[in-house]
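>>> Predicted model and sequence follow; I will ask about them next.
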Amino acid sequence: MKPQIRRLTLAAAAVAVLVCVLVWIGRRAPVPGVGAILVKRQDLTEVVNTNGRVEAIDPAVIRAELNAFVTKVGATEGKQVRAGDSLLKLDTSEAEAQLARNRQALLDAEEALRAARAGGPPDERAQLEADQRKSDAELERLRAEQTALERLAAQQAATQEEVSQNRLALTQAEATGKQIAARKEDLARRARLAVETSQLQVERSSADIASLAKMVRQGNLTAPIGGTLYLFPVHVGDYVHTGDLLAEIGNLARLQVRAFVDEPELGPVSPGQLVLINWDALPNQSWEGRTEQIPKTVVPRNTRTVGEVLCSVENASQNLLPNANVSVRIIVRQAKDALVVPRGAVRDEGNHRYVYVVEEAGLGGTTQLLHRREVRLGISSASDYQVIEGVREGEEVALPGDVDLADGIKVRAVIQRLSVGS
C-alpha cells in the first residue's frame, strides 16, 4: 500500500501547485494587446487632392453687341471652324436702311461743304461775278464819258445838262457797284458759316455711318480664330441682348484646369509639378498635366478659402471638355525608399511629434514595453508619414486602438497584416 499512498501524495501536491499557479495567474493584471506594424521602407508620394474646372487656353469668346433676333445659324457646336467662317446672322435690316440714308446725307453734306469752301452756291457766285463785271464795265464807261463831257463843256462843245445827266448815271452805277460788293461780302459771310455747319454735318454723318456699319458687321458674326466651336447656345429665332454669350472657340488639344486648392495645402505647391485629372463623365480615363501658375492671393469659394492654381493639361483625344468639373491630384513631393509609419501612429504635442515603439524586456525578451520616442517627419501621404529620424527599419510601432498608449506600459503586440501605405 505504500506505493499507492506515495502516488496519492504526489497527486495531491501537484494539484496544490496547480491551484497556487492558477491563483497567482488570476491575481496578475492582464497584459493588454495592442496592434503594431513594422517600420518598412517604401516609395512615398505626397499628394494634394482637390477639385477644379476645365478651361480653354486663350479662347475666343463672342458676345452679342446689339439687341436683335437671330435670323441665320451657319455652324454646329462641337465642330471645327476656321478663322472667318460664318457663325450666325442677326437681324440688322433697320440698321442697314438707316445706313443707306446716312450715306446719302453724308454725300449731301460733303457737297455743301465743298460749295461753302468755294465761297457759296455756284449759281449765286456766277450771278454775282457777272453783275460785278457788268458794273465794273459800266463804271469805266461812265467815268470816261464824264471826263470827256467835262472837257467838251469847257470848250462849250457840250451842254451842262449832258454833263449833269452823265454824273447822275455815274453816281447810280457807283451805288450799284457798292450793292454788288455788299452782296459778295454777305455771300462770303454765309459761306464761312456754311463751312462750319457742313463740317459738323459731315462729321456727324461719318460717325453715324461708322456706328451703323459696325452694327451691321456685328450682325454678321464670323469666327475670329480657328479651333473647336465648343459652346454655341443660340438658335434661329432667339432674341439676344447686348452682352449675351453667343459662342466660344478654342484649341481643345491643350487645356488648362483651374484647381481650387485649400489655403492650408498651398505651401508645397509649385510650378512644374505633375497633375492627374479625372472626370466623372469618363471614369476609366485620366489626363496628365503640369502646374503652371501659382496664385498670389486666396479667395473665398463657397465655404472654403482657396488659391486658384492653373494647370496645363494635354488633351490629344479632345475628350476632356471645357467647363467640366474635375477632380485634381497634384503630386507635390516624392521620396524613394523612405522609412514610413502610418499617420495614426504619430502623436502631436505642441511642435513635437512622437510614436510608441514596442521594445522587448526581461530575460529572453519575455516582456514587451511601450517607449515614447520623438520623431522628425518628412513628407506625408493620405495615410502615411515619412520618418527622417527617430525609428529604424524593422522596429514595431504601436497603433491606436482600445488601449490608451503610454510610456513604459506592458503590452502584447499583435503585428497587423495590413501593409504600410494601404
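Perfect, thanks for sending it. Note that the structure is a prediction, hence the values are computed from the model and not measured.
>>> which ones are touching the residue nearest to A83 when sequence neighbours are not counted?
Sequence neighbours aside, G226 is the residue nearest to A83 in space, at 5.0 Å (criterion: C-beta to C-beta, 6 or more residues apart in numbering). C-betas here are computed from N, CA, C, even on glycine. Residues near G226 by C-beta atoms under 8 Å, 6 or more residues apart in numbering: Q80, V81, R82, A83, I249.
>>> in the host helix or strand of E145, what counts as buried?
Assessed by DSSP states H and E, E145 sits inside helix 122-154. Residues E124, R125, L128, D131, S135, E138, L142, E145, L149, A153 are the ones in helix 122-154 that count as buried (16 or more other C-beta atoms under 10 Å).
>>> Check which element follows that helix along the chain.
For helix 122-154, the following helix or strand on the C-terminal side (DSSP H and E) is helix 160-218.
>>> Run through the neighbouring helices and strands of that next one.
helix 93-118, helix 122-154 (3 or more C-beta pairs under 8 Å, 6 or more residues apart in numbering; DSSP states H and E).
>>> starting at the chain centroid, how far to it?
Its chain's C-alpha centre and that of helix 160-218 lie 60 Å apart, by C-alpha atoms, centre = their mean, to the nearest Å.
>>> contacting residues for the closest residue to V375 other than its chain neighbours?
In space, and not counting its chain neighbours, V375 is closest to G390: 3.1 Å by C-beta to C-beta, 6+ apart. Contact partners of G390, counting by C-beta under 8 Å, 6+ apart, are Y354, V355, R373, E374, V375, R376.
>>> quick one: contacts for the first one?
Y354 sits next to V346, R347, R372, R373, E374, V375, G390 when contact means C-beta under 8 Å, 6+ apart.
>>> rerun at 10 Å
Contact partners of Y354, counting by C-beta atoms under 10 Å, 6 or more residues apart in numbering, are A345, V346, R347, D348, H371, R372, R373, E374, V375, G390, D407.
>>> do the third one as well
Residues counted as contacts of R373 (C-beta under 10 Å, 6+ apart) are Y354, V355, Y356, V357, E359, E389, G390, V391, E395, V397, D407.
>>> what are the bridge partners for it, then?
Counting by DSSP bridges, R373 forms beta bridges with V355.
>>> Any figure for the gap between it and Y356?
Separation of R373 from Y356 (C-beta to C-beta, to the nearest Å): 8 Å.
>>> Find residues that contact each of those two.
With C-beta under 10 Å, 6+ apart, R373 and Y356 have common neighbours V397, D407.
>>> who wins for most neighbours among the contacts of Y354?
Counting neighbours by other C-beta atoms under 10 Å, A345 comes out on top of the contacts of Y354 with 25 neighbours.
>>> close enough to count as contact, that one and R372?
No. Using C-beta atoms under 10 Å, A345 is not in contact with R372; the gap is 11.8 Å.
>>> May I ask which helix or strand encompasses the residue lying closest to R301 once chain neighbours are set aside?
Of all residues not flanking R301 in the chain, F260 sits nearest, at 5.7 Å (C-beta to C-beta, 6+ apart). Here F260, judged by DSSP H and E, is contained in strand 254-262.
>>> any residues touching the helix or strand just after that strand, and which ones?
Beyond strand 254-262 on the C-terminal side, the first helix or strand identified by DSSP H and E is strand 274-279. Residues from elsewhere that reach strand 274-279, judged by C-beta under 10 Å, 6+ apart: 45, 47-49, 52, 54, 255, 257, 259, 284-292, 309, 311-315, 319-321, 324-332, 334.
>>> If you count neighbours, what's buried in strand 274-279?
For strand 274-279, by 16+ other C-beta under 10 Å, it's L274, V275, L276, I277, W279.
>>> coming back round to it: among the contacts of R373, which ones are buried?
Buried among those (16+ other C-beta under 10 Å): Y354, V355, Y356, V357, G390, V391, E395, V397.
>>> quick one, phi psi at the fifth one?
For G390, the backbone dihedrals (degrees, to the nearest 10) come out as phi 120, psi -30.
>>> Which pLDDT value does the model give it?
At G390, the model reports a pLDDT of 91.
>>> Likewise for the one 3 residues further on?
If you check E393, the pLDDT there is 92.
>>> sec struct for it, please.
Following DSSP: H, G, I helix; E, B strand; the rest coil, we place E393 in the coil state.
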